[in-house]
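Asker: predicted model, plus sequence, below.
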Amino acid sequence: MLEILRYGVIFAFCVSVFALSHLILKTFFFNKKPIYAKSQNRPIKGIVYALGRGMMPWEKESASRHLWTYLGGIFYHIGIFAALFYVFVLVISFHLDSIAVSILRVIIFAGLFCGFGLFFKRSIKIQLRRISCPDDFASNLIVDVFLVLSLTDTYTIKLRSLLFAVAIVMFLYIPVGKIRHCFFFFYSRILFGFFYGRRGVLPQNKSNLGAE
């Protein structure tokens with residue numbers, strides 16, 4: 001059964017990547033509005049900004065006002081990627097030494113702690129609960145269960161079959177749920193940087209702003 005689930009994880013991952021790639025390809029067939037502004041020949045600088053300095057909290061109004069939530073989100077996602085790495089290591093039957101496993105434990109635990117914190121914040125705060133939909137809670141819970149089982153597996157393999165089963169569910173859920181933002185995030189940031197970089201809006205030239 002474990003071997004079947006192992007191949008199931010690989011299959012679900014491939015299905016997820018194919019579905020996400022298909023969604024991105026569909027965006028190329030949307031009607032595009034003509035761009036009349038003259039290009040400032042800075043799209044690459046805009047992309048570098050969007051994926052670099054533009055991610056810093058002082059460059060984001062909402063993040064700077066909610067710094068702890070911003071940091072919690074960062075640790076949450078780092079923990080998720082660590083858990084994904086751990087599962088892929090299991091799937092390809094690669095052996096990690098004790099030091100690597102210990103490091104992964106700390107990272108996954110930190111991500112899990114932040115994930116539960118963000119979930120309870122969304123559940124408790126009235127403003128957040130009102131703008132949330134069932135998918136917000138489902139996505140968070142699926143990932144949190146995945147983190148719990150990943151962390152547990154670093155201590156005992158008794159629940160490995162359940163870990164693989166949850167991983168399959170998560171991969172198949174990604175293209176249809178909000179978890180897909182982990183894939184679209186980079187794509188949207190690149191488009192964001194390209195557009196505003198072409199316009200010469202980003203990155204801002206601090207010296208010019210001071211001169212004005």
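Answerer: Received it, and whenever you're ready, just let me know what you need. Numbering: from 1, shown residues only.
Asker: buried ones in the helix or strand where Leu191 lies?
Answerer: Assigned by DSSP states H and E, Leu191 falls within helix 181-199. Buried residues in helix 181-199, counted by 16 or more other C-beta atoms under 10 Å: 183, 189, 192-199. In this view, the C-beta of every residue, glycine as well, is placed from N, C-alpha and C.
Asker: could you do stretch 167-179 as well?
Answerer: 167-168, 170-175, 177, 179.
Asker: quick check: end-to-end length of that stretch?
Answerer: 13 Å (C-alpha to C-alpha, to the nearest Å).
Asker: tell me who's in contact with the nearest residue to Ala50 once chain neighbours are set aside.
Answerer: Distances taken as C-beta to C-beta, 6 or more residues apart in numbering place Gly193 nearest to Ala50, at 3.0 Å, with adjacent residues excluded. When contacts are counted by C-beta atoms under 8 Å, 6 or more residues apart in numbering, Gly193 touches 43, 46-51, 54, 202.
Asker: need the contact list for Ile190.
Answerer: Going by C-beta under 8 Å, 6+ apart, the list of residues near Ile190 reads 47, 50-51.
Asker: among the residues you listed, who's most crowded?
Answerer: The residue in those with the most neighbours, by other C-beta atoms under 10 Å, is Ala50 (24 neighbours).
Asker: wait, that one sits on Arg189?
Answerer: Yes. Assessed by C-beta atoms under 8 Å, Ala50 is found in contact with Arg189 at 4.6 Å.
Asker: tell me which residue is most central in the protein.
Answerer: The centroid of the chain falls nearest to Cys182 when counting by C-alpha atoms, centre = their mean (2.9 Å).
Asker: wait, that residue sits on Ile78?
Answerer: No. At 11.7 Å, Cys182 and Ile78 do not qualify as touching, with contact defined as C-beta under 8 Å.
Asker: where exactly do the helices run in the protein?
Answerer: Counting by DSSP state H, the chain has helices at residues 2-27, 43-51, 61-65, 67-91, 98-124, 126-131, 134-153, 160-173, 181-199, 206-211.
Asker: tell me which of those helices lies nearest to Ile35.
Answerer: Closest to Ile35 of these is helix 181-199 (C-beta to C-beta; 7.8 Å).
Asker: I'd like the mean pLDDT over the closest one, please.
Answerer: Mean per-residue pLDDT for helix 181-199: 84.
Asker: just the angle for that helix relative to helix 134-153, thanks.
Answerer: 120 degrees (axes from the mean of the first three to the mean of the last three C-alpha atoms, to 10 degrees).
Asker: relative to helix 67-91, how tilted is helix 181-199?
Answerer: Using the same axes, to 10 degrees: helix 181-199 against helix 67-91 is 120 degrees.
Asker: roughly how far is helix 181-199 from the heart of the chain?
Answerer: 14 Å (C-alpha atoms, centre = their mean, to the nearest Å).
Asker: likewise stretch 87-98?
Answerer: For stretch 87-98, the distance to the chain centre is 22 Å (C-alpha atoms, centre = their mean).
Asker: so where is the chain shaky, pLDDT-wise?
Answerer: 205-212 (pLDDT under 70).
Asker: and if we set it to 50?
Answerer: Low-confidence segments of the chain (pLDDT under 50): 208-212.
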